[in-house]
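*Asks:* Sequence and predicted structure are below.
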Number of protein chains: 2
Amino acid sequence: MTKLMTKLTRRDVLHTGALGLAAAAVAAHAAEAAPDRKKFQITTKEKFDAAAIAPYRGTHPAVYRHIDANLDAHIAELRRWLRQPSISAQNVGITEMAAMLRDDLRGLGFREAEIVPTKGHPCVWGYYDAGAAKTLLVYMMYDVQPVEPADWRSAPFEANLVDSPLGTVVMARGASNQKGPERAFLNALSSIIAVEKKLPVNLMIAAEGEEELGSMHLPELFDKYESRMRTATGAFFPFNSQGTDGNVNLTLGVKGILYFELEATGATSGGPSRAEIHGSFKALADSPVWRLVQALACLTSKDGNTITVPGYYDPIRPPNMEEQRLLNAMLDKWNDAQLRSALGVERWVDDLEGEQALLRYLCDTTLNINGIWGGYTGEGGKTILPHKATAKVDSRLVPNQKPDEALAMIRRHLDASGFRDVVIRPMSGYPPAQTSVNAPMVRTVISVFNKHQRTPSLSPRLAGSAPYYLFTERLGLPMMLGGMGHGSGAHAPNEYMLVHPREGSRVAGLAEIEKFYVDMMYALAS
Amino acid sequence: MTKLMTKLTRRDVLHTGALGLAAAAVAAHAAEAAPDRKKFQITTKEKFDAAAIAPYRGTHPAVYRHIDANLDAHIAELRRWLRQPSISAQNVGITEMAAMLRDDLRGLGFREAEIVPTKGHPCVWGYYDAGAAKTLLVYMMYDVQPVEPADWRSAPFEANLVDSPLGTVVMARGASNQKGPERAFLNALSSIIAVEKKLPVNLMIAAEGEEELGSMHLPELFDKYESRMRTATGAFFPFNSQGTDGNVNLTLGVKGILYFELEATGATSGGPSRAEIHGSFKALADSPVWRLVQALACLTSKDGNTITVPGYYDPIRPPNMEEQRLLNAMLDKWNDAQLRSALGVERWVDDLEGEQALLRYLCDTTLNINGIWGGYTGEGGKTILPHKATAKVDSRLVPNQKPDEALAMIRRHLDASGFRDVVIRPMSGYPPAQTSVNAPMVRTVISVFNKHQRTPSLSPRLAGSAPYYLFTERLGLPMMLGGMGHGSGAHAPNEYMLVHPREGSRVAGLAEIEKFYVDMMYALAS
C-alpha cells in the first residue's frame, strides 16, 4: 500500500491559491449538493430459501460412534490447544503454537506439514493427500487476542470447563475465536482417519499467526503456494455459526478496507514546524489542526454520513438479484430497534429503517474516523498552537471498490481542495470478498446444515472486513466460514465455546459439531 | 462564564434538517465567499516618539544611598521570597506565601494588610495610607509555575546567586515571573520609608495566588474592594521590562480570550451513546468525530485562518490614530523573518508581511484549536466508531469584542449550520484591556524611563491575554506593567533575574531597578 502514493495523478487539480475561498466554497457546494451516492433498491419480491435445498443424505455411523466414544479425549485435545498461549500482538507462544499445529497435522498423516517463515509471525502449511478427486483449502488462524487475566472468571490459558446457563463451556482465550472450532474440525478429521483410514477429500491447510494483527504477511504464504491452492474446489474456515438460540447465520462475503492516517504538520503548511508555539501566534501562523479539520471536512457532507469525494461511489455495484433474494430473506428477521438498543444508538443515519438500513449496512461504503488527536488534551486551558494533528481514517469497501482507486480519489480530492500539504499515510488496504450463494460448495454446506435441522440464515456479506479476497479474488475460489456450535467473548474477557449444552438446548455440543464437519467432508467429496 | 449558555438567543436559527445538505452548503458558501473580516490600514505617517517626553527631573539621593548601603539585605529579602515555594497548580506553599506577603506589608507600615479568602487560593489586600492626594493600585501575583527540579542548574527554591554571561543572576522559580520585580518594588518602598518616613503616594495592593491558573477568583477581591480601588489614579504591575540588550519594551494592553471545549457525543447526535462500537457500524450510526470535525470546519475558511461565524469581526475597532502611531514606531524594529525563524514558521498566513503582519498580530481576533482528541490514538489500526470527540478552542479578543457576544455568535452559527447537538463548554472568558498612551500615568512612567536613559518602545498591546480588564474596564483605570531589570525562563527551567550586571551591561541591576521604582513613586505623586 505504501507505493500507492506514487501512483496518484495530478492532472485535474483545481488550484485554490489565488481564487481562494470562493472557488473552494463553490467546489464544496457542488460536492454537497449533488453527491453521486447511489440509492439502492430491492426490485424483486423473491426470497432465497435455504430450506429448499435438499438435506445431505449421507450417514457415517461408525465415525459418529468413534467421536462419541472418544469425546473426553477430543475435549482434552481442544484444551491442549487452548492452554498454549499464542498472542500475536505480544509475540507470546507464537512459535510454540505454530509448531503444535504443524506437529498435529503430521500426526494426522498430512504428507506436508511445515512452518513457513514470513516477515512477521510464521504461517503453517499442510497438505493431506487422500488421492481424492477434490481438494478443500482450509484457512486457519492460530493466534489470539491479548488478555487482561484479572477480568476473567477462569484463567484465560487454563481452559477450564465451566458451568454456565447454556451448559458446560470451555473458557479460554481463543475458545471461540478461533482455536475451538478449528480443533473441533481436526478432531473430526482424526475420527474419520481412525475409522476410514483416510479422508474423503484432499486437504490444504493455510494457517497464519497474524489474523488479529491484520493478516499483513498472509500473502507471502499465497506467493509460495498459489498455483497449488488454485486447484482447490473451495476455501473453508471452521466457525461457530450458532447463536444462543441454536439458529445458524452464515455470511458469503466481507467488506474490504482502506485504512490510513491523515496528518497535517506545520512544517508542510506554514505552521509551527518544530514544536507547539504560544497560541497567540495563531494570528500569524497556520494551524495544522485547522488544516486537518478542514481537510477531513471536505471528505464528507456536514452530517459526516455521505462521502463527497468525487467519483467515490461510482464503482460500487448495487446488490445483484442473488444478493437481493438473500436480503429479502434477512429482512424477515431484521430488527432495527433491537440492533440500535444493543449498540446504544438512538437512530440510524438519514433516519433509515428496514430495507434501506440493511442495504446501507451491507451494500454501501463508509468513511469513518477511528481516532483523532493533536495538541493539548489534558485538563484545563493550555493555550498553544500545535505543530501536528493526525486522524486514523478507514473506508469499508464493497464490490467493486478497489483500495488503490479509493485512496487515489481521496488524494486527488484533497489536492483539488487545497490540501496538498496534508499527508496520507496508508496503513492497510484490501478489496472485499464475495462468494455466490449458487456456488456448489455453498449449496453443499447448506445441505449439511439442513441434515442437522439447522437451516441457516444467509447474509450476502458482513459489514466488517477480512482479507478473504486472497481466496475469492486472488485464487478465484468460493469461500465459506461456518459450522455448528456456539461461542462468544472474542476480544473480551471470559471467551468460551459450548461443549456440553444444557438439556433441551438447540445448540450443538462438541460431539455434534464434529459430526457436522464429518458430514461436510463427505458431502464436499461427492 | 458557565452561565453564558443560558443567555444565547435562538431566534434566527436556520433549520437544516429537511432541507439537508443543499441548504447547509449554501450557508457555508455564503459564509466563505463573503467573510466580513476587516482589512486594517495605517493611514498616518506619524510615529509615537517616547523620547519627546521630558525625563523625570526629581532626584532622591538619600533614598538612592540607602539602597546602595543595604543592597545585600535587599538581595536577602529577594531570596527569602524566592525560597518560599508557592506553586498554585499543586497548592504547594500558597498559604505560607500569602502570609509572608501580608506580614511584609504590615512590616512596611501598611495600615491594612490581610488575607482575603476566595473560592480558590486566597488574595492579599493591603492599604498604605500616606495621607497623600494620590493613590496607586499595585497588582501582584504571589504564585509561581510548577517545576521539574531535575532540569535546573540550581535548585529552583534555593534562589542561589549564579554566574552567567549577563552577570550574577538569582536563579529560582518566580525570579522573573513575578516575585523578583515585586520584591524589588517592596525593597524600594522600604528604602523610601526608612529615609523619608513615609511614601509619597497612598498604595493599594491587590495580590492573587492564581495568576498561573487563570485568575479565576481575582474578581472576588474586586467585589470586596471595588469602590475603594476606583479611587486610584492607576494600576501598576512591577515587571522586568528590559531585554538582554537593555532595551525596554512596554505594552499598553492585552487581548481578551474566550476559551471553551467543543464536544460531540453519540448520545446527542444519533451515534454510539455508551461506548465506542465496531467501526463497521459507521454505515448506520452517526459519528461524533465527524460531527465535531464538521462543526469546527464551519467556523473557519478552508485554510483555517479566517473566521466564518457571521458578524464575528463586526465589533472589532480598527486601530485608532494613537495606536497607529505606536504601530508605526514598532514597524521600525519589526522583523518578520527573525520572528518566523524563532518560531520555526515558514511563512505568515495569507503571506502577510510587515505592516499587515503587525496589524493582524496585534489588532485582529483569532480562532485557534489548542487540542483535539477522540477515539483510538495508539499504534496500528484499531477499527472503532468512537462515542465522543472533543476540541479545546480559544479566540483572542481585541477591542471591542466581548466574550459573551463572541460565544453567542459561535453558538448561533453552529445551530444555524445544523450542529445544535455539538456542545460548547465555556472554560474562561474575559474582554481585552487597553490603556491609552496619553494617560498621564503612562507619560509619567515613560518620563522615568527617560531619566534612566532607557527610552521605551511601546506596543499598543500584547497578542497574548491577561484579565487586566478588571483594572481597565471594571475600574476604569489606566494600567501599566513595567520596570527596569531583566529576567527570563518564566514557565521553564533555570528562571532567573539579573542582580549584578557584568561590566558595561545596559541592563539594570537590583539597585538601579529599585531606584527606578523610587523615582516612579515620586513622579506619580507629583
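*Replies:* Perfect, I can see it now. Numbers count the residues shown, from 1 in each chain, chains lettered A, B, ... in the order given.

*Asks:* State the distance from the closest residue in space to residue A:187 that isn't next to it in sequence to residue B:502.
*Replies:* Counting by Cβ to Cβ, 6 or more residues apart in numbering or on different chains, residue A:187 lies nearest to residue A:74, which is 4.3 Å off, once chain neighbours are set aside. C-beta: built from backbone N, CA, C; applies to glycine. With the distance defined as Cβ to Cβ, to the nearest Å, residue A:74 ends up 88 Å from residue B:502.

*Asks:* okay, those two: which has more neighbours?
*Replies:* Higher neighbour count among residue A:74 and residue B:502: residue A:74, with 25 against 14, using other Cβ atoms under 10 Å in any protein chain shown.

*Asks:* So which residues make contact with the helix or strand where that one lies?
*Replies:* Using DSSP states H and E, residue A:74 sits within helix A:71-83. Contact with helix A:71-83 is made by A:67, A:97, A:100, A:157-159, A:161, A:170, A:172-175, A:179-180, A:182-184, A:186-187, A:190, A:497, A:499, A:510-511, A:514, as judged by Cβ atoms under 8 Å, 6 or more residues apart in numbering or on different chains.

*Asks:* Does residue A:226 touch residue A:471 like I think?
*Replies:* No. In this structure residue A:226 lies outside contact range of residue A:471 using Cβ atoms under 8 Å: 11.0 Å.

*Asks:* Between the two, which has more neighbouring residues?
*Replies:* Shown here are residue A:226 and residue A:471; by other Cβ under 10 Å, residue A:471 has more neighbours (25 against 13).

*Asks:* can you pull the pLDDT of the more buried one?
*Replies:* Predicted confidence (pLDDT) for residue A:471: 98.

*Asks:* what are the ranges of the strands in the stretch 101-250 of chain A?
*Replies:* A:112-116, A:123-128, A:135-141, A:160-164, A:167-171, A:202-208, A:234-238, A:249-251 (DSSP state E, counting those that start in this stretch).

*Asks:* Check the stretch 101-250 of chain A for the residue nearest chain B and tell me.
*Replies:* Residue nearest to chain B within the stretch 101-250 of chain A (Cβ to the nearest Cβ): residue A:214, separated by 6.4 Å.

*Asks:* surely that residue meets residue B:381?
*Replies:* Yes. Contact criterion Cβ under 8 Å: residue A:214 and residue B:381 qualify, at 6.4 Å.

*Asks:* and for those two, which residues touch both?
*Replies:* In contact with both residue A:214 and residue B:381: residue A:428, using Cβ under 8 Å, 6+ apart.

*Asks:* Can you give me the distance of the closest residue to residue A:135 other than its chain neighbours to residue A:58?
*Replies:* In space, residue A:135 comes closest to residue A:202 once its chain neighbours are excluded; the distance is 4.0 Å by Cβ to Cβ, 6+ apart. According to Cβ to Cβ, residue A:202 and residue A:58 sit 18 Å apart.

*Asks:* Quick check on these two: which one has the bigger neighbour count.
*Replies:* Shown here are residue A:202 and residue A:58; by other Cβ under 10 Å, residue A:202 has more neighbours (22 against 15).

*Asks:* tell me the contacts of that one?
*Replies:* Shown in contact with residue A:202 (Cβ under 8 Å, 6+ apart): A:127, A:128, A:129, A:130, A:131, A:132, A:134, A:135, A:136.

*Asks:* if you set the cut-off to 10 Å instead, what comes out?
*Replies:* A:111, A:127-137, A:231-233, A:525 (Cβ atoms under 10 Å, 6 or more residues apart in numbering or on different chains).

*Asks:* Same check on residue A:336?
*Replies:* A:345, A:347, A:348, A:352, A:353, A:354, A:357, A:358, B:284.

*Asks:* Hmm, residue B:275 and the first one touching each other?
*Replies:* No. Using Cβ atoms under 10 Å, residue A:345 makes no contact with residue B:275, being 11.4 Å away.

*Asks:* And the two? Which one has more around it.
*Replies:* residue A:345 (26 against 12).

*Asks:* and residue A:119, what are its phi and psi?
*Replies:* phi -70, psi -10 (degrees, to the nearest 10).

*Asks:* Could you check the pLDDT of it?
*Replies:* pLDDT, residue A:119: 97.

*Asks:* Could you list the domains of chain A?
*Replies:* Domain ranges of chain A: A:2-34+A:256-316+A:364-430, A:57-157+A:167-253+A:441-525, per automatic domain parsing.

*Asks:* in the helix holding residue A:74, what counts as buried?
*Replies:* A:71, A:74, A:75, A:77, A:78, A:79, A:81, A:82, A:83 (16 or more other Cβ atoms under 10 Å in any protein chain shown).

*Asks:* That one to strand A:160-164, inter-axis angle?
*Replies:* 110 degrees (axes from the mean of the first three to the mean of the last three Cα atoms, to 10 degrees).

*Asks:* Distance-wise, check residue A:394 relative to residue A:362.
*Replies:* 17 Å.

*Asks:* Just the buried residues from the contacts of helix A:71-83, in PyMOL please.
*Replies:* The buried subset of those, as determined by 16+ other Cβ under 10 Å, is captured in PyMOL by this line:
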select buried, chain A and resi 67+97+100+157+159+170+172+173+174+175+179+180+182+183+184+186+187+190+497+499+510+511+514
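
*Asks:* Mark which of the contacts of helix A:71-83 are part of helices, please.
*Replies:* For the contacts of helix A:71-83, the ones inside helices are A:67, A:97, A:100, A:179-180, A:182-184, A:186-187, A:190, A:510-511, A:514, with DSSP state H as the criterion.
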